[in-house]
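Enquirer: With the input below, show me the fold.
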Amino acid sequence: MFSFKPLTLNIMNQFENDLKSILESYSPEYNPSAWARIKNQFRKYQIIKVGVIASVAVLISTATLLFWSTAEKTNSNDSKVQLSDISTKTISTPINNYNKQKVKESSPIVNSTIQTPSNEALEVLEKSYEQTSSSIDKSIEKSELNTHNDNQAVLANNDSRNIPTIKIEKTRACAPFDLNASCINMPANANVKWYLDGSLISNSDKCATELNQKGMFLLKATIKTSDGHEFNVSENVEVLESPIAQFSYSIANQKLILTNQSKNATSQIWNFVGIETNEDDPQFEVMYSGEYPISLQVTHSNGCQNTMNQIITYKVSHDIFAPTAFSPDGDGVNDVFLLKYEVKLGFVYTLQVYNSQGHMVYQGTQPNEGWDGRGYSMANANERFVWKLSITDPRGQSEHKEGYFVIK
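Expert: Numbering: from 1, shown residues only. Modelled structure (predicted):
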């Protein structure tokens with residue numbers, strides 16, 4: 001029984017060689033490595049190779065039958081038939097143009113000249129070729145679909161094959177960068193180790209750390225499953241340089257003087273009890289005692305910001321000079337008890353004088369006025385008197401000072 005397998009395999013090899021020659025002749029970009037990729041891709045699916053071999057076998061069989069039929073008709077018409085005991089013939093068909101194969105037969109055959117196939121035979125061959133090509137295309141599509149379905153089945157049925165990924169809140173932030181990350185699509189019974197630029201920072205499922213230095217960092221998670229699979233996933237994070245807000249202050253003549261000492265900043269905004277300014281070193285008037293909140297917000301050229309908040313406790317200074325004695329005798333020397341102090345704008349000053357029995361003998365609200373001794377009796381010489389000064393600021397808050405003096 002005649003076998004087409006050696007013949008078809010030779011045709012396949014010859015086809016590869018001829019294709020390689022064509023590529024070398026017509027493609028300047030062709031090189032041996034390119035042919036290797038084409039050849040590997042061509043032999044990737046075994047079903048294609050089997051289909052081609054079977055198709056070639058069918059074509060050769062069909063061509064052989066047609067040629068034999070044509071030969072018999074020709075021989076009967078011309079009566080030119082020659083017999084020989086053992087002969088060798090060369091069969092030339094459109095299919096084996098790639099390889100001329102000599103077939104030796106052990107039985108007597110007709111040695112005749114084979115004519116060109118008829119149009120009918122060529123139509124049959126073309127139709128057979130189209131059907132074979134369609135069959136091969138369908139086989140390729142079916143093979144690719146089966147491969148895709150197999151991969152999906154592996155991912156669905158085996159958790160260790162799932163590919164984890166890093167879930168991170170943000171990958172770019174200003175220093176200090178609060179880095180929080182976790183892994184999603186995690187296989188069951190897996191252990192995770194987190195690395196930052198190669199240094200181990202966590203052994204838990206989640207990673208939380210603070211980055212204070214500017215620059216690019218590689219966050220990597222190594223996941224090992226119970227069945228020996230290992231996954232390495234990574235994410236780049238960037239820490240931006242932040243400015244540093246700093247300031248100092250001083251108070252003089254009821255003025256608060258602020259000095260900006262910030263670093264890496266291109267702009268600033270001050271806030272003093274609701275008053276905003278972008279001056280470098282602003283000054284604010286402080287009229288009364290109390291606590292003053294101050295805020296300085298600075299901005300880097302990259303958009304990062306930093307803020308310094310401070311509460312300044314300020315107490316208005318009232319330097320008061322009070323005499324310890326006076327003599328209301330009308331000689332023009334030290335006849336009036338008078339306090340001396342700096343009068344501040346918006347403040348109200350109230351002076352009261354009490355005798356030793358606790359009775360108020362004087363009250364005045366004018367800073368340049370005092371007690372001239374009216375109501376005093378010489379019988380009470382060397383009596384001790386108490387003075388009290390009440391200072392009320394524009395907000396209505398009062399401060400009290402007091403002392404004593406005698407009449408001589």
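
Enquirer: In the stretch 251-400 of the chain, where is pLDDT below threshold?
Expert: Scanning the stretch 251-400 of the chain with the threshold set as pLDDT under 70 gives 377-381.

Enquirer: Residues touching stretch 261-276, excluding its own?
Expert: 241-248, 256, 258, 260, 277-280, 282, 284, 292-301, 306, 308 (Cβ atoms under 8 Å, 6 or more residues apart in numbering). From N, CA and C alone the C-beta is placed, and that goes for glycine too.

Enquirer: buried residues in that stretch?
Expert: Across stretch 261-276, burial judged by 16 or more other Cβ atoms under 10 Å covers 262, 264-265, 268, 270, 272.

Enquirer: May I ask which two of these are separated the most?
Expert: Within the buried residues of stretch 261-276, Asn264 and Phe272 form the most distant pair, 23.4 Å apart (Cβ to Cβ).

Enquirer: what about the closest residue to Lys206 other than its chain neighbours, distance to Ser226?
Expert: In space, and not counting its chain neighbours, Lys206 is closest to Ser182: 4.5 Å by Cβ to Cβ, 6 or more residues apart in numbering. Ser182 sits 20 Å away from Ser226, going by Cβ to Cβ, to the nearest Å.

Enquirer: Just want to know which of these two has more residues nearby.
Expert: Taking other Cβ atoms under 10 Å, Ser182 and Ser226 do not tie; Ser182 has more neighbours (18 against 11).

Enquirer: contacting residues around the more buried one?
Expert: Neighbouring residues of Ser182 by Cβ under 8 Å, 6+ apart: 166-168, 205-207.

Enquirer: What strand or helix carries the closest residue in space to Asn203 that isn't next to it in sequence?
Expert: Ranked by Cβ to Cβ, 6+ apart and with sequence neighbours excluded, the top spatial neighbour of Asn203 is Lys193, at 5.8 Å. For Lys193, the host element (DSSP states H and E) is strand 191-196.

Enquirer: Parallel or antiparallel, which strands does that strand pair with?
Expert: strand 199-202 (antiparallel), strand 215-224 (antiparallel) (DSSP bridges).

Enquirer: Around Met308, count how many other residues there are.
Expert: Met308 has 15 nearby residues by other Cβ under 10 Å.

Enquirer: residues contacting it?
Expert: 245-247, 262, 295-296.

Enquirer: And Tyr314, by the same measure?
Expert: By Cβ under 8 Å, 6+ apart, the neighbours of Tyr314 are 251, 256, 286, 289-292.

Enquirer: got a list of contacts for the strand holding Lys193?
Expert: Here strand 191-196 makes contact (Cβ under 8 Å, 6+ apart) with 181, 183, 186, 200-205, 207, 209, 217-224.

Enquirer: Same question for stretch 337-357.
Expert: Contacts for stretch 337-357 (Cβ under 8 Å, 6+ apart): 254, 287-288, 316, 318-323, 326, 360-365, 367-373, 380, 383-394, 405.

Enquirer: run the last query once more with 7 Å
Expert: With Cβ atoms under 7 Å, 6 or more residues apart in numbering as the test, stretch 337-357 has contacts from 287, 316, 318-323, 326, 360-365, 367, 370-371, 383-394, 405.

Enquirer: Buried residues, the strand or helix carrying Thr209. List them.
Expert: Per DSSP H and E, Thr209 falls inside strand 206-211. By 16+ other Cβ under 10 Å, the buried positions in strand 206-211 come out as 207, 211.

Enquirer: helices or strands next to that strand in the packing?
Expert: Packing contacts for strand 206-211, counted by 3 or more Cβ pairs under 7 Å, 6 or more residues apart in numbering; DSSP states H and E, involve strand 177-184.

Enquirer: try 10 Å
Expert: Applying 3 or more Cβ pairs under 10 Å, 6 or more residues apart in numbering; DSSP states H and E, one finds that strand 206-211 contacts strand 165-168, strand 177-184, strand 191-196, strand 199-202, strand 215-224, strand 230-240.

Enquirer: for the record, mean pLDDT for the longest one?
Expert: In other words, strand 230-240. Regarding strand 230-240, the rounded mean pLDDT is 95.

Enquirer: Which elements pack onto that strand?
Expert: Looks like strand 230-240 contacts strand 165-168, strand 172-174, strand 177-184, strand 191-196, strand 206-211, strand 215-224 (3+ Cβ pairs under 10 Å, 6+ apart).
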